[in-house]
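**Q** with the sequence up front, the predicted model follows.
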Amino acid sequence: QVPVVESGGGSVQPGGSLRLSCAASTSIFSINAMAWYRQAPGKQRELVAAMYSGGATDQADSVKGRFTVSRDIAKNTMYLQMSSLKPEDTAVYYCKVTGRRYFSPGVVADYWGQGTQVTVAS
């Protein structure tokens with residue numbers, strides 16, 4: 001069972017919107033954090049937004065006011081609503097889930113998805 005799966009990427013014109021989804025496997029429990037990262041060609045992977053178990057959130061300055069992160073705890077799913085997209089938002093977006101898996105409950109680990117491409121271009 002793939003632990004983390006992203007979906008919702010695609011191509012959009014500048015100023016457009018997209019919503020990404022990150023579904024964590026039911027085999028992951030006691031989730032401490034769920035986060036979105038992105039990596040553009042030739043650049044390092046960077047944090048976009050995160051949600052923590054206590055309710056705190058974090059966002060990169062470059063996306064504040066444009067991106068919103070939310071979570072459906074019952075579905076083990078996190079969403080990234082992206083609006084007013086810019087060409088510089090073009091990247092592969094990855095989801096990271098920090099938690100425990102049922103077959104190794106004593107270990108807190110990071111689980112990454114395979115990534116979803118977001119392209120913003122005219």
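**A** Received, thanks.
**Q** what are the contacting residues of stretch 34-45?
**A** By CB atoms under 8 Å, 6 or more residues apart in numbering, the list of residues contacting stretch 34-45 from outside reads 20, 22, 24, 46-51, 58, 69, 71, 78, 80, 88-98, 115, 118. Using the backbone N, CA and C atoms, a C-beta is placed for each residue, glycine as well.
**Q** what's the PyMOL syntax to select whichever of the residues you listed are buried?
**A** Applying 16 or more other CB atoms under 10 Å to these leaves a buried subset, and the PyMOL line that selects it is:
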select buried, resi 20+22+24+48+49+50+51+69+71+78+80+89+90+91+92+93+94+95+96+97+98+115+118
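**Q** and the gap between the residue nearest the centre of the chain and residue 69?
**A** Central residue of the chain (CA atoms, centre = their mean): residue 36, 2.8 Å from the mean position. Separation of residue 36 from residue 69 (CB to CB, to the nearest Å) stands at 7 Å.
**Q** between those two, what contacts are shared?
**A** Here residue 36 and residue 69 have 49-50, 78, 80 as joint contacts, going by CB under 8 Å, 6+ apart.
**Q** residue 9: which of these is nearest?
**A** Ranked by distance to residue 9 (CB to CB), the shared contacts of residue 36 and residue 69 are led by residue 80 at 10.2 Å.
**Q** spatially nearest residue to that closest one, not counting backbone neighbours?
**A** Nearest residue to residue 80, sequence neighbours excluded (CB to CB, 6 or more residues apart in numbering): residue 20, at 4.3 Å.
**Q** contacts for the host helix or strand of the one you found?
**A** In this assignment (DSSP states H and E), residue 20 forms part of strand 18-24. Outside strand 18-24, the residues within contact range by CB under 8 Å, 6+ apart are 3-10, 12, 31, 34, 36, 75-82, 85, 93, 95, 97, 99, 111, 113, 116, 118.
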